[in-house]
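Student: Generate a structure from the sequence data that follows.
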Amino acid sequence: MEDASAGPPPVDDGEVPAAPADSSPLDDAPAETSGAELGEGGYDEGAPLYSEQAGPADVEGDGDAGEPGAVPEPGDDGTGGDGEGAQGDGESPEAAGEAETVAATPPPPVELEPLPEDYVPVRDLPPVPEPFARNEDGKPVPLDGVESLFLTGTTIELVGLKDLGPGKTMGEVSRDELLKDIQFRGAISDFHAFKAKIQVADYDPLLVRINEDDVYGDGNNFELAVTAAAAAVWRGIGEEVERRAALLELEAAHAAAEKAKPRSKRVRKVKPWQSLGSEVDIDEASVRPRRDPIRLVVQRRRREFNQPNAKLADKDAHELWNSSQMECRPFKDPNFDMRRMEQDVAIQAVAPLRDAATQSRGTVPPRPAVTQTEPLDLPPEAKQDLVRRPHNAPGSVADFLERVRDQCEVALVQNEITNIFRDDLSSLNDEADGGGGGSRKETLVSEAQSFTHLTYSKNKVVSAIQWLPHRKGVVAVACTEAQSHAERVARMGRTAPAHILLWNFRDPIHPELVLQSPWEVFSFQFNPLQPDLLTGGCYNGQVVLWDLSSEADRLSRRAGTASGGAKGGDGAGAGGKGADSTPPSTALPGGGGGGGGGGVDTTTGSAADGDAHIPVIKHRFMTDTQFSHHQVVTDLQWLPGVEISHRGKVTKLGEGSKECNFFATIAADGKVLFWDVRVEKLLKKGKKADELLDLVWKPIHSVHLISLIGMDLGGTKLAFDFGKLEQGMFYAGSFDGELVYADFVKPEGEENPDYAKSCLQAHVGPVIALERSPFFDDIVLTCGDWQWQIWQEGQATPLFQSGYAQDYYTAACWSPTRPAVLYLADQSGSLEVWDLLDRSHEPSIRVTLAATPIMSLSFNPVPTSASAAQQAAQQLLAVGDATGVLRIMELPRNLRRTVHNEKKLMGTWLERQQARLTDVGARQPVRTAARKEADERKKEAEAAALAEAAAKEAAAKDAAAALAAGMPLPTANERSKKDKGPPQPEFDEKAEQEYLKLEARFKAQLGLLPAEANGGPGH
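Tutor: Have a look, this model is predicted:
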């Protein structure tokens, strides 16, 4: 039996729930049902339209108008039925009479068109067919019998199609009118190409449809149906769209009419159950028994109950095992494992908050009896006046916001990249720890932020990374195509614009600036003293110069707008007054030069993807192809504080000089070129600045390097000693793994000198990293193939070389704050941190940062004037991979802060390596002699072994010959005698004396000896 309090039973979709038997006729009487509701709800024809309990009071009290077709049943006048009329509730006859009077004059019904018999809601209908077909690739194509064409404004007026648009997409044009237009306008008519199909069309007039969205991608704006079948398809689609629009309006009218009824009179529609996956979650979160419960019977004697010393506790079986009482020792069965489903439940306890006011009442006599504070507030008029004060006015809010904007931006950036969950107390003892950093617990390299762009960097290679030297939180990356050499050779001769992106930490989605280059840039660098100037080396060997000084004001305005409330402000631009003071910049004259003019193109992108506001900066100058490199520029280095002549002679400027006008480039063509950035000096006298396009930007000095095999050195990297630039010495790496130590100063009186002082084979693969130590001027790091090495200037052998790694190295650099730490990246996407004071045979830390190869590394610049604590306050490492993603990694405290006397300890380590090399060199002659003697003994042993093998082979041949001749085989003694040779005769002294006498007589006869020698004449 069902519970009576459960309410009425559920009803099907569209049905009216029946009133309970114990309900009041005036409260729960159902409302009138229209004919439309009958069709929708699916009532039987014999069902009453009005309930027998619905009296006139329902009509008057609810104000519901009768629907069309709702005719009352006979006897439904409030008094018929089962005697439950108006008087059935004990009402007076006068009240019943008044109710009958009111019911006699009902309000006029509202005419509402009923829904169709085969009504299906519009949302449940299948989608409207498309007015076009699709090919195998899913792209739209015209239907059979439809031609896509482009109509000009003149043609649209002539054929009368001006009224076509979003509201009306199709129109008719007679065949004669189209043929008349073709005959009158000839070949310039838009319908001329379809003249034959128009003439043979099987219906008239022809149907024309507008194609504003260009769904075919052919640039046409109209379609022409030249067959009746295609026109019928279009007309059918149009009629279906109109029918559904009218049906939507009718649905809305019925919904509004239903909503206007009182809640008790509305038809409750019970929707079918639709699973959204909640039952799966409930089932997964439920813990059900997976086996039958274990039945355990525990027995205990009655007299042992209620003992005072009885204690109940849970213990494992092996703890209760007793050898005297138990025969089987418990053990863990490896074949049995109890698995329990775990539930992850999060609980958060928050104390209730409340507002409370407190007063402090002092008890000490000097203190006031009552201390009470009240906030100082200004009236609304004073606030408005304060906000509207202009710049440079006393108390101007705008000036205050301008002053604190940079500090707020720095604080926001710091909050963005600061780990709020780090325990600061855990690193208080770092200063007292004098050991290597690799043994510390804090070794987590975390990702602070990542940048990528769908248009400019996705699926590209981050070839180079540079931090802006005068702005915090801004980094630039060069993105190149991930193509092989063969693919690049196939594309040679065709300009492929590339870009350098400037990312700001405030906006990780849109780059702040985009620098456009006609060729891919593989190396670039900002001027360290004039950060508005940026130079880059291209794939075709040319050098490009950008001047960002013109963007300073515009980006400053954007930053001001962002601080005032605009969404996504990008802050001050490159060269602007950002977070730090900007050194004075050199503004080049207007116009373009050397193959390209400066300018800003803000039309790139679209408002839909949010790229419309990204400014695109074109290059200012470009070197001439004839005087540039002939292969890809692999590295570029600025040379601050010097002047370089045409013969490479270096003149050092004064202390504190803010000029940096020269830079060097190296390429695979074997040349190191030196360039002067002051291109405007090339202007001849009498010419104007707008003639920069006629300039030819040439290098001021060229150095040609030769490899070990006498060919051009395929240069990859450069390394200068910026403290000794006047000496002219530098290092260069090559694609063949060579390390060249050269002098770029041209000797006097020599036209084609040999600039290379030494050329050593350091690696078997290209040198991908060549960097001087920031703490030791004469120490150089090289990295290539699977190994990295540390060299000392002037030495022919490396001080230290690592073992071969599992993966190919792709980037390497020194730590800017720790002398003994260096970072390496490989093709597996891992970052290795080597702490030479901790261990030198393996990396101290190895972290996987990406699933693709890491292509470049770069640390954020550290001001030279900053203290050691400030330098190590926050150290960021920019990592670029092979998919165009730039990651900003935050290093732990032990990797960025030096340990006690680390530089001294590293110097001692280098001295030990030098002493080891000296010892090895001193023992080299002895080792050479020992090796030579060992080789000789080896050769003698090999000769003896060969002789023994030959003897054995000869004995085998003799045995085979004897066996063939039928002779007996020699015994072992005979073989040994034969091996020893014939027996030696015994020495006979008497025979020897006789032989000597005979020899003497013979010589005397020949006159060779005197006669006395033969014993005298009488002998």
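Student: from here on, contacts and neighbour counts on C-alpha atoms
Tutor: Fine.
Student: just the helices in the stretch 51-200 of the chain please.
Tutor: 56-62, 93-104, 153-159, 175-185, 195-199 (DSSP state H, counting those that start in this stretch).
Student: let me redo that: the stretch 451-600 of the chain
Tutor: 485-491, 552-563.
Student: Pick out the shakiest of those, pLDDT-wise.
Tutor: When those are ranked by mean pLDDT, helix 552-563 comes last with a mean of 58.
Student: correct me, but V233 touches E130?
Tutor: No - V233 lies out of contact with E130 (C-alpha atoms under 8 Å); the separation is 9.6 Å.
Student: May I have the phi/psi pair for V703?
Tutor: Here the main-chain torsion angles of V703 (degrees, to the nearest 10) amount to phi -120, psi 130.
Student: Where does pLDDT dip in the stretch 51-200 of the chain?
Tutor: Counting by pLDDT under 70, the stretch 51-200 of the chain has low-confidence residues at 51-110.
Student: still on that earlier bit, show me which of V233 and E130 is the more surrounded one.
Tutor: V233 (17 against 11; other C-alpha atoms under 10 Å).
Student: can I assume that one sits in a strand?
Tutor: No - under DSSP: H, G, I helix; E, B strand; the rest coil, V233 sits outside any strand and is assigned helix.
Student: Quick check: closest non-adjacent residue to it.
Tutor: Spatial nearest neighbour of V233, chain neighbours left out: P131 (7.5 Å); criterion: C-alpha to C-alpha, 6 or more residues apart in numbering.
Student: Please apply the same query to Q789.
Tutor: Distance criterion C-alpha to C-alpha, 6+ apart; nearest residue to Q789, sequence neighbours excluded, is Q801 at 4.3 Å.
Student: neighbours around that neighbour, how many?
Tutor: Using other C-alpha under 10 Å: Q801 sits among 18 other residues.
Student: From A762, how far out is it?
Tutor: Distance of Q801 to A762, computed by C-alpha to C-alpha, to the nearest Å: 10 Å.
Student: Please apply the same query to T455.
Tutor: Counting by C-alpha to C-alpha, the gap from T455 to A762 is 40 Å.
Student: neighbour count winner among these two?
Tutor: The residue with more neighbours, out of T455 and A762, is A762; 26 against 10, by other C-alpha under 10 Å.
Student: just checking, the more buried one touches V740?
Tutor: No - between A762 and V740 there is no contact under C-alpha under 8 Å: 9.5 Å.
Student: start to end distance for stretch 799-810?
Tutor: Note: stretch 799-810 ends 22 Å apart using C-alpha to C-alpha.
Student: Give the buried residues for that stretch.
Tutor: Neighbour-count burial for stretch 799-810 flags 799-801, 808-810 (criterion: 16 or more other C-alpha atoms under 10 Å).
Student: now that stretch: mean pLDDT?
Tutor: Rounded mean pLDDT across stretch 799-810 is 92.
Student: residues in contact with it?
Tutor: Stretch 799-810 has contacts (C-alpha atoms under 8 Å, 6 or more residues apart in numbering) with 768, 783-792, 824-828, 840-841, 853-856, 910, 913-914, 917.
Student: go on, stretch 240-255?
Tutor: Against stretch 240-255 from outside (C-alpha under 8 Å, 6+ apart): 112-113, 115, 122, 128.
Student: how about 7 Å then?
Tutor: V122 (C-alpha atoms under 7 Å, 6 or more residues apart in numbering).
Student: what does stretch 521-537 give?
Tutor: Here stretch 521-537 has contacts from 463-464, 466, 468-470, 478, 480, 538-539, 543-549, 574-575, 583-586, 633-636, 638, 658-660, using C-alpha under 7 Å, 6+ apart.
Student: Buried by neighbour count, from those: which ones?
Tutor: Neighbour-count burial (16+ other C-alpha under 10 Å) is assigned, among these, to 463-464, 466, 468-470, 478, 480, 538-539, 543-549, 574-575, 583, 585, 633-636, 638, 658-660.
Student: Fine by me, thanks again.
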